[in-house]
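# Fold the following for me, if possible:
(one chain, ligands or ions: 2)
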Amino acid sequence: MSESRQESRRKCISCGINIAGTSAAAFNCPECGHGIYRCAKCRKQSNLYECPDCGFRGP
Ligand SMILES: [Zn+2]
Ligand SMILES: [Zn+2]
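Residues are numbered from 1 along each chain as shown. Ligands and ions are numbered 1, 2, ... in the order given. I've put the predicted structure just below:
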């Protein structure tokens, strides 16, 4: 009953750090549209991400 706050779950998909208040990139999974966030560091390094919802992997 208390799991409805998705705003507090913003963390980098690649390294898992909390990216609230940082210049992280936000985009949607091309497969399922799941909201994905990636921190500036991982974006620079073009780290792979994996959608937690459908398992899609992308650069
Ligand atoms: Zn990261
Ligand atoms: Zn997905």
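
# contacting residues around residue 31?
Contacts for residue 31 were tallied using C-beta atoms under 8 Å, 6 or more residues apart in numbering; they are 51, 54, 56. (Each C-beta comes from the backbone N, C-alpha and C, glycine too.)

# now these as a markdown table including pLDDT, neighbour count and secondary structure?
Listed next are the contacts of residue 31 as a markdown table, based on pLDDT from 0 to 100; neighbours: other C-beta atoms under 10 Å; DSSP: H, G, I helix; E, B strand; the rest coil:
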| residue | pLDDT | neighbour count | secondary structure |
| --- | --- | --- | --- |
| 51 | 94 | 19 | coil |
| 54 | 97 | 13 | coil |
| 56 | 95 | 15 | coil |
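
# From the residues you listed, pick the one nearest residue 32.
residue 54 (4.3 Å; C-beta to C-beta).

# hmm, back to that, wait, which of the contacts of residue 31 is closest to ligand 1?
Taking C-beta to the ion as the measure, residue 51 is the one of the contacts of residue 31 closest to ligand 1, at 15.1 Å.

# Relative to residue 25, how far out is the closest one?
15 Å (C-beta to C-beta, to the nearest Å).

# How about the secondary structure of the spatially most central residue of the chain?
Central residue of the chain (C-alpha atoms, centre = their mean): residue 37, 2.6 Å from the mean position. For residue 37, the assignment made with DSSP: H, G, I helix; E, B strand; the rest coil gives strand.
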